[in-house]
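> Sharing a model prediction with you, sequence too.
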Amino acid sequence: MRTNIVAGNWKMNLNFEEADELINNIVEFLENETLENVGVIVCPPAVYLELATDQAQDNDLFVGAQNMSNHESGAYTGEISGRMLASMGVNYCIIGHSERRKYFNENHEMLAEKVNMALKNDISPIFCCGEVLPEREAGKHFEVVKKQLEESLFHLQPGDFSNVVIAYEPVWAIGTGVTATPEQAQEMHAFIRKLLVDKYGHDLADETTILYGGSCNAKNAKELFANPDVDGGLIGGASLKSDEFISIIQSF
Ligand code: 13P
């Protein structure tokens, strides 16, 4: 049975004290609760990763980075390598987020390199895909997502692919308050799973966690997660408040 996941992508938010408090609240919740088949991941800004990995020991919290370099090491000022992240106890890394595609010009090839670099360091990529509004309006959303997966993930051998989490994040739903309807989410998730069946076979496709992201919050999470192919969420704004994030975790 595949694992359900609720992951918080904090993006570029919170100061040190706020980050510390948020992690403490999540850890306290996890220590007092037994969750059935739900993994919880926090993806804080890189400067707070150590705070998170320190707190994530001996409990059910996992830690993800929001980005990693496609290079191994060397003269890349400001960059953070997969090896560094792994040595800090980081388990996951978001790769291919639409904000990085848009503002940092990350293309399919670079994302494939980042995926490889993550896997090489035993870090599971949370690979984001999703269409922009004009693509959906033109009926091209399936085609767009298919290409994103083919170009940056489908070079992987099954053994490596089994460590990948996919996040479908329609760009028009990110930070807009406009959530995909449960039907729209399920339709795309089922489409993605079918692509995985065709590429890797039923067993691996069934085992792959596919998250939904885009204005997912405590109010709509239950309805979204109730769909057979929606295995949890990648949460932005609503992951910054512990009450709301915890309530999303409890939506399973
Ligand atoms: P919001 O939940 O703020 O829409 O962000 C979603 C997202 O981009 C998570 O990666």
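Nice, I can see it.

> Look up how far residue 173 lies from the closest residue to the ligand within the stretch 151-252 of the chain.
Closest to the ligand within the stretch 151-252 of the chain is residue 236: 2.2 Å, counting by Cβ to the nearest ligand atom. C-beta: built from backbone N, CA, C; applies to glycine. Using Cβ to Cβ, to the nearest Å, residue 236 is found at 10 Å from residue 173.

> returning to what we had before: can you pull the contacts of the residue of the stretch 151-252 of the chain closest to the ligand?
Residue 236 is in contact with 9, 11, 174, 175, 213, counting by Cβ atoms under 8 Å, 6 or more residues apart in numbering.

> How many residues are close by the closest residue to residue 67 other than its chain neighbours?
Sequence neighbours aside, residue 100 is the residue nearest to residue 67 in space, at 6.3 Å (criterion: Cβ to Cβ, 6 or more residues apart in numbering). Neighbour count for residue 100, taken as other Cβ atoms under 10 Å: 18.

> how far away is residue 100 from residue 228?
Relative to residue 228, and taking Cβ to Cβ, residue 100 is found at 30 Å.

> Mind checking what secondary structure the residue in the chain sticking out farthest from the centre has?
Distance from the centre of the chain peaks at residue 75, with 28.2 Å (Cα atoms, centre = their mean). Three-state call for residue 75 (DSSP: H, G, I helix; E, B strand; the rest coil): coil.

> now do residue 106
Residue 106 ends up coil, using three-state DSSP.

> Got the confidence number for it?
Per-residue pLDDT puts residue 106 at 98.

> List the contacts of it.
96, 100, 114.

> Do I have it right that residue 214 meets residue 173?
Yes: Residue 214 is within contact range of residue 173, at 2.8 Å (criterion: Cβ atoms under 8 Å).

> neighbour-wise, which of these two wins?
Of the pair residue 214 and residue 173, residue 214 is the one with more neighbours under other Cβ under 10 Å, namely 26 against 22.

> ok, stretch 27-46 near the ligand or not?
No: on the criterion Cβ under 6 Å from any ligand atom, stretch 27-46 is out of touch with the ligand, staying 8.1 Å away.

> Tell me how confident the model is about that stretch, as a mean pLDDT.
On average, stretch 27-46 scores 94.

> The longest helix anywhere in the chain packs against which elements?
Ordering each helix of the chain by length in residues (DSSP state H) puts helix 182-200 first. Packing contacts for helix 182-200, counted by 3 or more Cβ pairs under 8 Å, 6 or more residues apart in numbering; DSSP states H and E, involve helix 141-152, strand 165-168, helix 202-207, strand 210-213, helix 221-225.

> Residues touching the last one, excluding its own?
Surrounding helix 221-225, the residues in contact under the criterion Cβ under 8 Å, 6+ apart are 4, 179-180, 182, 185, 212, 216, 230-233, 247-248, 251-252.

> okay, who's weakest in those by pLDDT?
For those, the pLDDT minimum is residue 252, 91.

> is it true that it touches residue 4?
Yes: counting by Cβ under 8 Å, residue 4 is a contact partner of residue 252 at 5.6 Å.
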